[in-house]
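Enquirer: got a sequence here, can you build the structure:
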Amino acid sequence: MMPVLLILVGASATLQVDLLSHKKFLLLPPVNFTIKATGLAQVLLHWDPNPDQEQRHVDLEYHVKINAPQEDEYDTRKTESKCVTPLHEGFAASVRTILKSSHSALGSSWVSAELKAPPGSSGTSVMNLTCTTHTVVSSHTHLRPYQVSLRCTWLVGKDAPEDTQYFLYYRFGVWTEECKEYSRDALNRNTACWFPRTPINSKGFEQLAVHINGSSKHASIKPFDQLFTLHDIDQVNPPMNVTVEIERNSLYIQWEKPLSAFPGHCFNYELKIYNTKNGYIQMENLITNKFISKIDDVSTYSIQVRAAVSSPCRMSGRWGEWSQPIYVGKERKPSVEWHLIVLPTAICFVLLIFSLLCRVCHLWTKLFPPVPAPKSNIKELPVVTEYEKPSNETKIEVVLCVEEVGFEVMENSMF
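Expert: Residues are numbered from 1 along each chain as shown. As a prediction, the model looks like this:
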């Protein structure tokens, strides 16, 4: 059987060489070449073989060349081809008939077709379009336990009028959906969209096509298309049920895989152990969901874990969100000695401030004024003293009392 196949292959190759060397054999271009948009950011190229092309028992192929929006080329035996590409700048392609051999290839002339860009004023389409997907729990638990949510944000076009309103659509496979939940800016223009649940398959290899068009009374809004690969925009959920235990000087950390349609072996993990005492961060890249680390007994530690889908299950994407921090270790409580130092110091400081205020503002005198002393009505108190002197004369001593404010003056007069 093998010798027969080799003979047939050899004969076919010889026939093709003969045809290529025959000057009268011509390859004619395909006919009825058309380009048709079949979905968001998706076109169908179709053509027919030239009916005047002589076959001569050879297999003809077609060489397709994409001219816009991005150059690309490939060969195919079919008479139609699907292309997924943004269409807001238009699409143009060419195709020709070819006959390959081991020595060279013979090709026909090109035929071309074009899909014109949709109308719209320059600078009115959205800018900085970004999208992210999250895995959520499905309401149909038995049929499909996980579903994917989609959120997209964008900026208003720099030349878009103030009354511009944008509308978002996405396509995944054959499914197309329009946004129902928008977030708006101060001028009530849509600038973000959220799909709580979508049929997007996080395990899929298809691209997500997002299309945003708009309307305005003052200008024609140019639409915008963008393609996203799922592994680039998928925001992996944090690992679940993270547990941490301490035994002597060892830290035992364990967790479960994130909420995801991927099985457990499809994840890589990154572990962060933060020593709050000295500020040291220990980072570990792991393929398992367990880790043991040595610690001291005088520090507090913060533990967080995040995950990413590994390459055997899907093209590697970005790291997901960190889990909530878990704190373990010695609790740092204020000591009794610290209270004994701080409390008296605070009391002394308050008393010092109060004393200074009393002195400066005379608060003590105002709060406790002096009690006035009783006034005496006795102005003069005559005192007569009789004593004997050798001259047998009698003298009288008069004591005069004068009351002044705050003190008394006493005068003595002798007569």
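Enquirer: residues touching E162, list them.
Expert: For E162, the contacting residues are L187, by CB atoms under 8 Å, 6 or more residues apart in numbering. Quick note: C-beta positions are derived from backbone N, CA and C, even for glycine.
Enquirer: got it, and the one 3 residues further on?
Expert: For Q165, the contact set (CB under 8 Å, 6+ apart) comprises R189, N190, G214, S215, S216.
Enquirer: let's see 10 Å
Expert: Y182, R184, L187, N188, R189, N190, N213, G214, S215, S216, I221 (CB atoms under 10 Å, 6 or more residues apart in numbering).
Enquirer: which among these gets closest to E270?
Expert: Y182 (34.6 Å; CB to CB).
Enquirer: what's the distance between the nearest residue to the closest one once chain neighbours are set aside and S109?
Expert: If the residues on either side of it in the chain are set aside, Y182 comes closest to N190, at 4.2 Å by CB to CB, 6 or more residues apart in numbering. Applying CB to CB, to the nearest Å, the value for N190 to S109 is 48 Å.
Enquirer: please enumerate the helices of the stretch 1-150 of the chain.
Expert: With DSSP state H, counting those that start in this stretch as the criterion, the stretch 1-150 of the chain has helices at 2-21.
Enquirer: show me where it has its strands.
Expert: 31-39, 42-48, 61-68, 72-76, 80-84, 91-100, 105-107, 111-115, 127-137, 146-155 (DSSP state E, counting those that start in this stretch).
Enquirer: who's in contact with the first one?
Expert: Identification of contacts with strand 31-39 by CB under 10 Å, 6+ apart yields 42-53, 64, 79-80, 82-84, 87, 90-96, 110-115, 118, 171, 173-176, 209, 211.
Enquirer: what subset of these is buried?
Expert: Among the contacts of strand 31-39, those buried by neighbour count (16 or more other CB atoms under 10 Å) are 42-43, 45-47, 49-50, 53, 64, 83, 87, 91-96, 111, 113, 115, 118, 171, 209, 211.
Enquirer: before we move on, back to that, restricted to strands, list the contacts of Q165.
Expert: Judged by DSSP state E, those include Y182, R184, N190, N213, G214, S215 as members of strands.
Enquirer: I326: which of those is nearest?
Expert: Nearest to I326 among those, with distances taken as CB to CB, is Y182, at 37.1 Å.
Enquirer: neighbours of the closest one, just the number please.
Expert: The number of residues packed near Y182 is 16, by other CB atoms under 10 Å.
Enquirer: any weak-confidence spans in the stretch 301-415 of the chain?
Expert: 331-342, 358, 360-415 (pLDDT under 70).
Enquirer: what do you get for the chain?
Expert: Short version for the chain, where the test is pLDDT under 70: 1-25, 56-57, 102-104, 140-143, 331-342, 358, 360-415.
Enquirer: ok, which stretches of the stretch 201-350 of the chain are strands?
Expert: Ranges of strands in the stretch 201-350 of the chain, per DSSP E, counting those that start in this stretch, are 207-215, 224-229, 240-247, 250-256, 267-275, 281-286, 290-294, 300-309, 326-329.
Enquirer: got TSV for these, with distance to A346 too?
Expert: TSV is the format used below for those (distance: least, CB to CB, whole Å):
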stretch	distance to A346
strand 207-215	62
strand 224-229	60
strand 240-247	36
strand 250-256	39
strand 267-275	32
strand 281-286	36
strand 290-294	41
strand 300-309	27
strand 326-329	30
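Enquirer: and those: which comes nearest G320?
Expert: strand 300-309 (5.1 Å).
Enquirer: just confirm I353 is within a helix.
Expert: Yes: the assignment for I353 (DSSP: H, G, I helix; E, B strand; the rest coil) places it in a helix.
Enquirer: just give me the neighbour total for it.
Expert: Neighbour tally, I353, other CB under 10 Å: 10.
Enquirer: and D159, by the same measure?
Expert: 13.
Enquirer: contacting residues for it?
Expert: Under the criterion of CB under 10 Å, 6+ apart, the neighbours of D159 are S121, S122, G123, T124, S125, A219, K222.
Enquirer: likewise for R314?
Expert: S202, K203, G204, F205, T229, L230, H231, D234, F262, C266, A308 are the contacts of R314 under CB under 10 Å, 6+ apart.
Enquirer: how much space between N190 and V64?
Expert: Counting by CB to CB, the gap from N190 to V64 is 38 Å.
Enquirer: which residue ranges make up each domain of the protein?
Expert: If you go by automatic domain parsing, the domain ranges for the chain are 2-115, 127-233, 240-329, 336-367, 380-414.
Enquirer: mind listing what's buried in stretch 98-107?
Expert: Quick answer for stretch 98-107 (16+ other CB under 10 Å): L99, K100, S101, L106, G107.
Enquirer: going by distance to Q147, which of those residues wins?
Expert: After measuring the buried residues of stretch 98-107 against Q147 - CB to CB - the closest member comes out as K100, at 46.6 Å.
Enquirer: that closest one against D75, yeah?
Expert: Yes: assessed by CB atoms under 10 Å, K100 is found in contact with D75 at 8.1 Å.
Enquirer: need the overlap of contacts for these two.
Expert: E61, H63.
Enquirer: on that earlier part again, now list the buried members of the ones in strands among the contacts of Q165.
Expert: Y182, N190, N213, G214.
Enquirer: save the residues you listed as TSV, and put in distance to F33 too.
Expert: Formatted as TSV, these follow (distance: CB to CB, whole Å):
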residue	distance to F33
Y182	40
N190	39
N213	28
G214	33
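Enquirer: so who does S323 touch?
Expert: Contacts of S323 by CB under 10 Å, 6+ apart are 237-242, 255, 258, 271-272, 303-307.
Enquirer: give me the nearest residue to it, chain neighbours excluded.
Expert: P238 (4.1 Å).
Enquirer: that neighbour and S260, how far apart?
Expert: 11 Å.
Enquirer: of the two, give the one with the bigger neighbour count.
Expert: Taking other CB under 10 Å, P238 and S260 do not tie; S260 has more neighbours (21 against 17).
Enquirer: was I right about the more buried one contacting Q147?
Expert: No: under the criterion of CB under 10 Å, S260 makes no contact with Q147, lying 11.4 Å away.
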